[in-house]
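> 3D model of this:
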Amino acid sequence: MMKPYFLPLLCLVLTGQAMAQSETYTEGFEATFFGVPAGWAGVGNTNQWSRQTTGTRPNCSPYSGAAMYRFETRFGITQTISTPKVDWSKRGTNNTYFSFYMYRDSQNTNADSLSVFVNTTRSLTGAKWIGGVARYAYAQYPDSVQEGWKRYSFAIPGSFTGTENYIMIRGNAARGNRIFIDSVEWEGYPTYCEGTPTAGSISTNPKLICTNQGSAQFTLSGMTTGSGITYTWQYADSLTGAWTTINTPNSQWQSGNINRSLYFRCIVSCDKSGESDTTDAYYLFVDVNNEILGPNFTVTPANTTLCAGADPVGIKLTISDGRSMTYSWNPTDGIQEITGDSVLANPSTTTVYQIVGVDSMGCSTTRQARVTIDPGPNVTIAAGDTNVCEGSAVTLTANGFGFGITYEWSTGETTRTINFTSTGADTVWVKASSNAGCSRTVSQVINTVKKPVADMTYTQYDDSFNFYNASVNAAGGVEWYYGDGNESRKENPVYNYGKAGGFTVTLVAKNPPCAADTAYFDVESMLTNATLDLRLSGIEVSPNPTSDKVWVESAEPLMGVRYALFSIDGRLVFMGDEHLSPSLFSVDLSGVNPGLYLLWVEADGKQGAYRIQKQ
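All right, here's what the predicted structure looks like:
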């Protein structure tokens, strides 16, 4: 009864297969490998992916077979692996899927997951996301399940129909439990080779090996491509063999070290038809006897000197044997422009350029071009003094290191040593030039110091004088000589002669390095009754003169002490008293102006007056 129903279904399936034959590919991670399985690749680093036979965190065993694949999540690193190339060129409108088993555990809630992408290159750039699965079983991504192995399948978008496609699994680590997958499966719809393939032709880069040994890149072009094609490379010492097979399945490959001339060929086989085609033998010459010379060219100039900061120098290469040649320069520092076989070079420091010329056969010759950068002579300015009194000259000497150095000063002078008269804050420079015409400029600042002019004013009361400095340009200070053998270094001193008479006051104003200026002034000291003080017996007042306070001292305790300070013209400045019957007390004069004062003191019913000089 079921047979009539079954046969049409079978025919439909067979018809679909005839229209588009699919191939199923699986990866169970059974073969021992390090990193990724054979044919797979990492998109970047893959050190968090590894083959495992048992699982911990969570505890699990492979879904099938003896091994599974683990993604380590505890370091928070995201890493991606890729399947081998998948051919969907005969897919047509068929649906195709990618699937794997994943162990989903309920022991850790961190958001560790896998994302699945598809692209026409092994890159996440421009890749199409087709789904993902969370490790945590109850995460609802894409579903909530009980702990254990679960199978997830992802539809490949219908736009992927080319011969080169890649499915990528990205591990997203959130420092939770590890992720385990097993039994990965996908479909391909390849375009199979049919009939007799075309072997094409071989080329190498370089075309020959110009030294006694080296390597080359082999490329097969014009051959039949697609699925089911096998490339078998062979080499031999002669056209008659014997031929030795090279372990590479690719249409392009880089050889190891080749130390003799050899013949190479490639056999292109069609797996489906069983037929094959072989390229013509390709002869790769190795110059073991140094018979071939590289291109002959010269460099002009090969050695040149360039002043620092000057325009770049042109360097030209000239081929002398007529070969077509390409050039490379190393280093490229300072190479400003390359035009064919010429460059403009202006390096910042002395540079030796290595120029490699390579002809059409890959043979090369190396030449050198040296560009010496001359920064100019090393020069300094020696100055007798950088602070000069107005109207005076300072000797400046340029000290250059080297022979044949010439000098040019900002004053226009060309001698090594000049005498410079400063008129203000002047900057003097000198340019020192070498025999090659390269120069360096240094400068020196010369400061003009104004001459001092001594001047003074004063006020007088009898024999007491307040002297005031009115000098200009006296940054070095002043010196006062009172004419009676005494002197002062204060700016505005107060002086009491203590006697009558005429005196010549000398004021010296200083401003180095200029010479000091001296002024002389005559004063007349006078003594009157108002100048005299009436002292109390046994009571002393000191120090006098004073700059802040005076001390009133008695041999015995004083009773009923009162005191007052008067200016010399009789005005009360302040007054005070002492209630503790002291034998020593102080009167603070720090708040009064410099000058001559009378200190009135009453003690034990007696009164006295003391002339005080406040400085």
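> low pLDDT regions in the stretch 1-150 of the chain?
Scanning the stretch 1-150 of the chain for pLDDT under 70 picks out the ranges 1-20.
> could you pull out the strands for it?
23-27, 41-42, 49-52, 68-71, 79-82, 97-104, 113-119, 128-134, 148-155 (DSSP state E, counting those that start in this stretch).
> mind giving me the domain split of the protein?
The chain breaks down by automatic domain parsing into domains covering 20-188, 201-284, 297-374, 378-448, 456-525, 533-614.
> Could you dump those into JSON lines and include distance to N290?
Every residue, glycine included, has its C-beta placed from N, CA and C. JSON lines is the format used below for the domains of the chain (distance: least, CB to CB, whole Å):
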{"stretch": "domain 20-188", "distance to N290": "42"}
{"stretch": "domain 201-284", "distance to N290": "7"}
{"stretch": "domain 297-374", "distance to N290": "11"}
{"stretch": "domain 378-448", "distance to N290": "41"}
{"stretch": "domain 456-525", "distance to N290": "77"}
{"stretch": "domain 533-614", "distance to N290": "100"}
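> E291: which of the ones you listed is closest?
domain 201-284 (9.6 Å; CB to CB).
> measure that closest one end to end?
Using CA to CA, to the nearest Å, one end of domain 201-284 lies 14 Å from the other.
> now the strands: where do they sit in the stretch 501-615 of the chain?
Using DSSP E, counting those that start in this stretch, the strands of the stretch 501-615 of the chain run over 501-511, 514-525, 539-542, 549-554, 561-567, 572-578, 584-588, 595-603, 606-614.
> which residues touch D569?
By CB atoms under 8 Å, 6 or more residues apart in numbering, D569 lies in contact with Y461.
> Show the pLDDT at it.
Note on D569: pLDDT of 73.
> returning to what we had before: and the domains of the chain: which comes nearest E194?
Relative to E194, the nearest member of the domains of the chain by CB to CB is domain 201-284, separated by 5.7 Å.
> chain center to the closest one: distance?
Between the centre of domain 201-284 and the centre of its host chain there is 48 Å, according to CA atoms, centre = their mean, to the nearest Å.
> need the strands for the stretch 201-350 of the chain, in chain order.
Counting by DSSP E, counting those that start in this stretch, the stretch 201-350 of the chain has these strands, from start to end: 201-205, 217-221, 229-236, 244-245, 252-254, 262-270, 276-278, 282-284, 297-300, 303-307, 313-319, 325-330, 335-339, 342-345.
> could these be laid out in CSV, adding mean pLDDT?
Converted to CSV, the strands of the stretch 201-350 of the chain look like this (pLDDT from 0 to 100):
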stretch, mean pLDDT
strand 201-205, 95
strand 217-221, 96
strand 229-236, 95
strand 244-245, 96
strand 252-254, 94
strand 262-270, 96
strand 276-278, 96
strand 282-284, 95
strand 297-300, 92
strand 303-307, 91
strand 313-319, 90
strand 325-330, 87
strand 335-339, 81
strand 342-345, 91
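> Can you give me the neighbour number for the nearest residue to G39 once chain neighbours are set aside?
Computed as CB to CB, 6 or more residues apart in numbering, the closest residue to G39 that is not its neighbour in sequence is P84, at 3.7 Å. P84 has 16 neighbouring residues, counting by other CB atoms under 10 Å.
> how close does P84 sit to V36?
Distance, P84 to V36, by CB to CB, to the nearest Å: 10 Å.
> Could I get the contacting residues of the residue lying closest to Q146 once chain neighbours are set aside?
Leaving aside its chain neighbours, Q146 sits nearest to A137 (6.4 Å; criterion: CB to CB, 6+ apart). A137 makes contact with 104-106, 144-147, according to CB under 8 Å, 6+ apart.
> which one among those gets closest to T415?
The closest of the contacts of A137, once distances to T415 are taken by CB to CB, is D105, at 92.6 Å.
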